[in-house]
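[1] After the sequence you'll find the predicted model.
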Amino acid sequence: MQRKLFYKDGFWATVMLLPNIVGFLMFLLLPVLATFVISFSNWDMIDAFKFNGLTNYKHLTEDPVFHQVLGNTFYFTLVSVPIGIALSLLLAVFLNQKLKFIRFYRAAFFLPVISSMVAVSVIWQWIYNPEFGLLNYALSFLGIDGPTWLTSASWAMPAVIATSIWKSLGFNMLIFLAGLQSISDDYYEAASIDGASKVRQFFSITVPLLSPTTFFVTVMSIINSFQVFDAVYLMTQGGPARSTSVLVYYIFQNAFQYFQMGYASAMAYVLFFIVLIITLIQFWRQKKISIY
Amino acid sequence: MKERIWVKSTAHLFLLLGSLVMLFPFIWTICTSLKDSSEVFTYPPKFFGEQLKWGNYERMTERFPFYQFFFNSLKITVIVVIAQLITSSMAGFVFARLRFRGRDGLFGLYLATLMVPAQVTMIPTFLLMKYYGLLDTHWSLILPGAVSAFGTFLLRQFFIGIPSALEEAAKIDGCTPFGIYWRIFIPLSQPALATLGIFITMGTWNDFINPLVFLSSMDKMTLTLGLANMQGLYSTDWPALMAATVITVLPILIVFLMAQDAFVKGVTLSGLKGE
């Protein structure tokens, strides 16, 4: 009987799953549910825990700061995603030309990806410095008197966006490169014989055949953009005048600076809901998509 | 043929220009870390100072417990990588190969949590750590880091692709499921484990928001949090700050250069997730 148990799947499944399931329940599944419960409460770590129904969610619809951070998050996403995708696709197409030095280029574009955002933001704060930074020095050659970048309400967000694009470019480029390498050379050869130019080939072959990859990169970029935090916290602290405050930054402030756990949880669920919808769109499209 | 050469030169031109934009900030950082404090603010900016000031690296360790930060990051990263590889590979094996009631439902739950933003679990985790008195200890980073739905999913997908002929023979010889996992699946999955290991290393070493939320005392801080604090306190000592930045990036850079192909494969793999 003992011996039999020793070879049973169920026994080993339990033993080998146990550490994983304990961690999964404690730090993933239960917290997801707990946040949902807390979002219907007034919990601020001082007063007694009390449910307050939809008060937090109602408050969200009236909180002008929440509207502003939501707007800023959309601004960040709508600008950084299209530019990031266009640039990384262009670079991947170039990299796919069977060039020499491909390992060097790949490593160069990947360096920002592997670097910590803390290090990156130190470097870029230095570059953006209005008095002795490199960017305004470079602009002075073009006769442009550069703005104060991170301390300017209108230029801080573009500056944060530029740094974020710079950091993630190499990652998207590699995914595009993998997608490009899966397109058969036959299409391009046939098109060349028919006399199609490289530019024409790009729009008539590459773009349509690459669309599943493009779609995936777009969805992932949008999801990541909605969760942007490090760059904002480190470079601008959400300022000036909340012009770079984004959703996760406001969640962080409410939870860990003001200790409004209930309100922060409600916001976290709004974020969850947005990400969920984007993910569902992706699932739905994957089912419909025609694979070439 | 002419068009081909033209295309290649354009490609080189753009890629070289792009590489410069990518690398220049890092090169500038290294240069600044070796300048004298007075030379930092010269206008127009210069690449190199009068002489190389290695003293900036020493000053950084005098003002801040930098060795401690480095050691903390190293310790947390090593433990998290090992723990997560063990929990993910064991669970991945169970989901890929063993049969029991409710398996697919359970795996479905894992899949469902893949799309949950990290911020959604952070508040209850913070309260849990507070309740058990684990705030401001490394446990608050190690315990949640030891398990990931993504790692479990990734290795399960890899294990499913391993042909079952090998384990059939082992089963006949009386090998237990754990024996099959340990003697057949682990040796065969070195590339997948390396890829996942690199991803976990990068994520843990570079993590900022979790140390920020869970750690508060100076001697517990990781390198990223320490660097961010250093910037807040000594925002004018750019050479020392840049020296600290170089030290923060360097270890990951070394890992990357040693295993560039595993990195690239990892990115491609995570890209395939969407296909």
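    Nice, I can see it. The shown structure was predicted, so the numbers you read here are calculated from the model rather than taken from an experiment. Numbers count the residues shown, from 1 in each chain, chains lettered A, B, ... in the order given.
[2] Find the centremost residue of chain B, please.
    For chain B, the residue sitting closest to the mean C-alpha position, by C-alpha atoms, centre = their mean, is B:M202 at 1.2 Å.
[3] Name the helix or strand for that residue, please.
    helix B:190-206 (DSSP states H and E).
[4] Could you do A:P240 as well?
    Applying DSSP H and E, one finds A:P240 in no helix or strand.
[5] Stretch A:27-38 and chain B, any residue contact?
    Yes - residues of stretch A:27-38 contacting chain B under C-beta under 8 Å from any C-beta of the partner chain: A:27-32, A:34-35, A:38. Every C-beta, even on glycine, is put in place using the N, C-alpha and C of the backbone.
[6] any idea how far A:F272 is from chain B?
    Distance, A:F272 to chain B, using C-beta to the nearest C-beta, to the nearest Å: 5 Å.
[7] quick one on the thing from earlier: tell me the spacing between the residue nearest to the centre of chain B and chain A.
    6 Å.
[8] so that residue makes contact with A:M117?
    No - B:M202 sits out of contact with A:M117 when judged by C-beta atoms under 8 Å, with a separation of 11.8 Å.
[9] what's the pLDDT at the one residue in the stretch 51-200 of chain B that gets nearest to chain A?
    Residue of the stretch 51-200 of chain B nearest chain A, by C-beta to the nearest C-beta: B:V147 (2.9 Å). On pLDDT, B:V147 comes in at 94.
[10] burial count for it?
    A count of nearby residues for B:V147, using other C-beta atoms under 10 Å in any protein chain shown, gives 25.
[11] Around chain A, which positions in the stretch 51-200 of chain B sit nearby?
    Residues of the stretch 51-200 of chain B lying near chain A (C-beta under 8 Å from any C-beta): B:86-88, B:90-91, B:93-94, B:98-100, B:103, B:106, B:109-110, B:113, B:115-128, B:143-144, B:146-147, B:149, B:152, B:174, B:176-178, B:181.
[12] and with 6 Å instead?
    Contact residues (C-beta under 6 Å from any C-beta of the partner chain) of the stretch 51-200 of chain B with chain A: B:87, B:90-91, B:94, B:98-100, B:113, B:115-117, B:119-121, B:123-125, B:144, B:146-147, B:176-178.
[13] for the chain, which spans come out with low pLDDT?
    If you meant another chain, say so; for now it's chain A. A:1-7, A:287-292 (pLDDT under 70).
[14] To clarify, I was referring to chain B.
    In chain B (pLDDT under 70), the answer is B:1-3, B:43-45, B:235, B:269-275.
[15] domain assignment for chain A?
    A:1-38, A:53-288 (automatic domain parsing).
[16] so how far is stretch A:10-21 off the chain centroid?
    On the basis of C-alpha atoms, centre = their mean, to the nearest Å, stretch A:10-21 sits 34 Å off its chain's mean C-alpha point.
[17] Could the C-alpha coordinates of it be exported in CSV?
    This file holds the C-alpha atoms of stretch A:10-21, laid out as CSV (Å, rounded to 0.1, in the frame of the first residue of the first chain):
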residue,chain,number,x,y,z
GLY,A,10,-1.9,12.4,-6.9
PHE,A,11,0.6,12.1,-4.1
TRP,A,12,3.4,13.6,-6.0
ALA,A,13,1.2,16.3,-7.5
THR,A,14,0.3,17.4,-4.0
VAL,A,15,3.9,17.4,-2.8
MET,A,16,5.4,19.2,-5.8
LEU,A,17,2.6,21.8,-6.1
LEU,A,18,2.4,22.6,-2.4
PRO,A,19,5.1,25.4,-2.2
ASN,A,20,3.8,27.0,-5.4
ILE,A,21,0.2,26.9,-4.4
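[18] what's the strand or helix carrying A:I21 in contact with?
    Taking DSSP H and E as the criterion, A:I21 maps to helix A:9-24. Helix A:9-24 is contacted by residues A:5, B:87, B:90-91, B:94, B:98-100, B:146-147, B:177-178 when judged by C-beta atoms under 6 Å, 6 or more residues apart in numbering or on different chains.
[19] Flag every buried residue along the helix holding B:M202.
    Within helix B:190-206, the residues that qualify as buried are B:192-206, counting by 16 or more other C-beta atoms under 10 Å in any protein chain shown.
[20] repeat for stretch B:37-53
    Of the residues in stretch B:37-53, B:39-40, B:45, B:49, B:53 count as buried by neighbour count, 16+ other C-beta under 10 Å.
[21] which residues does residue 35 contact?
    By default, I'm working from chain A. Here A:T35 is in contact with A:265, A:268, B:120, B:123-124 (C-beta under 6 Å, 6+ apart).
[22] if you could check chain B rather than the one you did, that'd help
    Contacts of B:K35 (C-beta under 6 Å, 6+ apart): B:49, B:239.
[23] Quick one: buried ones out of the residues of stretch A:27-38 next to chain B?
    Buried by 16+ other C-beta under 10 Å: A:27-29, A:31-32, A:34-35, A:38, out of the residues of stretch A:27-38 next to chain B.
[24] does B:S216 count as helix, strand or coil?
    coil (DSSP: H, G, I helix; E, B strand; the rest coil).
[25] rewinding a little: in JSON lines, list the contacts of helix A:9-24 along with distance to B:T268 and secondary structure.
    Output for those, formatted as JSON lines (distance: C-beta to C-beta, whole Å; DSSP: H, G, I helix; E, B strand; the rest coil):
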{"residue": "A:L5", "distance to B:T268": "42", "secondary structure": "helix"}
{"residue": "B:T87", "distance to B:T268": "24", "secondary structure": "helix"}
{"residue": "B:M90", "distance to B:T268": "25", "secondary structure": "helix"}
{"residue": "B:A91", "distance to B:T268": "24", "secondary structure": "helix"}
{"residue": "B:V94", "distance to B:T268": "26", "secondary structure": "helix"}
{"residue": "B:L98", "distance to B:T268": "29", "secondary structure": "coil"}
{"residue": "B:R99", "distance to B:T268": "31", "secondary structure": "coil"}
{"residue": "B:F100", "distance to B:T268": "33", "secondary structure": "coil"}
{"residue": "B:A146", "distance to B:T268": "26", "secondary structure": "coil"}
{"residue": "B:V147", "distance to B:T268": "25", "secondary structure": "coil"}
{"residue": "B:P177", "distance to B:T268": "31", "secondary structure": "helix"}
{"residue": "B:F178", "distance to B:T268": "31", "secondary structure": "helix"}
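[26] where does the nearest residue to A:F259 once chain neighbours are set aside fall, phi/psi-wise?
    Excluding its sequence neighbours, the residue lying closest to A:F259 (C-beta to C-beta, 6 or more residues apart in numbering or on different chains) is A:M45, at 4.6 Å. Per-residue torsions, A:M45: phi 70, psi 0 (degrees, to the nearest 10).
[27] my read: A:M45 touches A:Y258, true?
    No - using C-beta atoms under 6 Å, A:M45 is not in contact with A:Y258, being 10.0 Å away.
[28] Count the residues that sit near residue 237.
    Defaulting to chain A. Residues near A:Q237, counting by other C-beta under 10 Å: 14.
[29] Let me rephrase: I mean chain B.
    B:D237, neighbours per other C-beta under 10 Å, totals 19.
[30] what phi and what psi does the backbone show at it?
    According to degrees, to the nearest 10, B:D237 has phi -90, psi 70.
[31] Kindly indicate which of the contacts of A:T35 lies nearest B:A228.
    B:I123 (21.5 Å; C-beta to C-beta).
[32] so how far is A:L25 from the closest one?
    According to C-beta to C-beta, to the nearest Å, B:I123 and A:L25 sit 17 Å apart.
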